Each structure stands twice: as structure tokens, then as C-alpha cells.
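*Asks:* below are the sequence and a predicted model for it; my questions follow.
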Amino acid sequence: ETGVTQSPTHLIKTRGQQVTLRCSSQSGHNTVSWYQQALGQGPQFIFQYYREEENGRGNFPPRFSGLQFPNYSSELNVNALELDDSALYLCASSLTSGGQETQYFGPGTRLLVL
Amino acid sequence: SQQGEEDPQALSIQEGENATMNCSYKTSINNLQWYRQNSGRGLVHLILIRSNEREKHSGRLRVTLDTSKKSSSLLITASRAADTASYFCASSSSNQFYFGTGTSLTVIP
């Protein structure tokens, strides 16, 4: 077990709706990253938060947004859901940012958009 | 888009044999990490090799890194059925991680 939890485990939404996914990092980890993994693909980096500020972003549109809280929890919000947003969403926490540290992944939230 | 590729995409071996997976990446890196994933669940960290290292060992795992060729390899020795999973390399640059496409390893008992 990595000590990183995510909720919910599964979620079904319809196109155009909004969704919030939650992650609880390891205690003491200041950095959380979010990834989208389509079926049969590797994870794609969405963004990273360090001490409650976004400090890195992949090639995802603004309708993907996030929040990080002082209690080591974080959220991924996706607005105006599209069918292609169906995927496994993974969060990962690490001690610091900068890519020098091991990331510890949660089990993921599987989102299906109909 | 992903900035890494693993080779082969799929690998099937007998228990006890060695498995070798290769990874190529595109940008300069701080480090390269290998992860394992079982059946679409969360990723488990296996090993990290820094950009100034050339080889690293951890148990039955051996990782090499060639920054001049922008490539890495993961060797699993004496494979077990429980090693069946997908394996990903992840290159780290600044505040981003770039995962490859993965190698699906099947170890036949």
C-alpha cells in the first residue's frame, strides 16, 4: 500500500456534466500530480500542485482544474465532460516537486462518460 | 502526447526466464523511474535511476540508463508468475513526468 487514497473508485457521468475526483496524499507530501490513463495507454500528465499552487501542466484544456488543500487532500475537477474523458484518473504524491522524488500512486478513479 | 516508448509492447516468457524491457525518451531528464501496474490499477514504483547513474540493482531488478541514446532498460531475472503486469518507464524533467506506452509482460507458470 502506498498510503495514497482516491475516491470514488468508479463513476459514471453523462456528456456535459461536471465531475470532482478526490485524492488523499501521504502525510508530509507537499506535491500531488494527476494523470489520465486511457485504456491500453500509459498515464498522461495533467498537472502538478506544490503547496497549493499549480506548478506544472500537461497538454490538457482549462476545463481540467485542480485544488490542493493544507491537509494533504486534493481535487481534480473536469467541466463539460466529453466522451473521450472516459479513463482511469490517477493521483500521485511525492515529498517535493522538481521531479527528483519517487511518486506514490493511488489506486485510481475509473470514470465513464456516456 | 507521451514522450516515451517501451519495447516490446508485449512479452510472454516462461517462469524462471529473464525479461528485458527497453524504454526510449525524448527530452533531457533528471531521473528515470520504472513502475508496474496490475490490471489497470494504481502504479507501483519499482526503481529510480538518476541521470548521472548508469546502472542500478534492486533485488531481481536491474536498470540501465544511457543518456547519450536517451534509453533505459529493465531486466527482471528469474521471473515469476506474479511478475505478470504492465511495466512503464517514466522520465522526469522539471515538474513533469512523461510515461511511456508500457510493456505488457506475461509470465507463464
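*Replies:* Nice, thanks for sending it over. Numbers count the residues shown, from 1 in each chain, chains lettered A, B, ... in the order given.

*Asks:* can we go C-alpha only for contacts and neighbour counts from here?
*Replies:* Fine.

*Asks:* pLDDT below threshold where in the chain?
*Replies:* Answering for chain A, as no chain was given. For chain A, the stretches flagged by pLDDT under 70 are A:97-100.

*Asks:* hmm, I had chain B in mind actually
*Replies:* Ranges of chain B meeting pLDDT under 70: B:1-3, B:40, B:95.

*Asks:* residues of it that sit close to chain A?
*Replies:* B:1-2, B:30-31, B:33, B:40-45, B:48, B:88, B:92-102 (Cα under 8 Å from any Cα of the partner chain).

*Asks:* now intersect those with the helices, please.
*Replies:* Using DSSP state H, no member of the residues of chain B next to chain A sits in helices.

*Asks:* report how many residues lie close to the closest residue in space to A:Arg51 that isn't next to it in sequence.
*Replies:* Distances taken as Cα to Cα, 6 or more residues apart in numbering or on different chains place A:Asn30 nearest to A:Arg51, at 5.6 Å, with adjacent residues excluded. Neighbour count for A:Asn30, taken as other Cα atoms under 10 Å in any protein chain shown: 21.

*Asks:* how about the one 3 residues further on?
*Replies:* Using other Cα under 10 Å as the criterion, A:Ser33 is surrounded by 31 other residues.

*Asks:* is it correct that it is in contact with A:Arg51?
*Replies:* No. In this structure A:Ser33 lies outside contact range of A:Arg51 using Cα atoms under 8 Å: 11.8 Å.

*Asks:* quick one on the thing from earlier: in this structure the residue nearest to A:Arg51 contacts A:Ser94, no?
*Replies:* Yes. A:Asn30 lies in contact with A:Ser94 (Cα under 8 Å); the separation is 6.7 Å.

*Asks:* just to revisit the earlier point, buried among the residues of chain B next to chain A? Make that a PyMOL selection.
*Replies:* Here is the PyMOL command that selects the buried residues among the residues of chain B next to chain A (16 or more other Cα atoms under 10 Å in any protein chain shown):
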select buried, chain B and resi 2+30+31+33+40+41+42+43+44+45+48+88+92+93+95+96+97+98+99+100+101+102
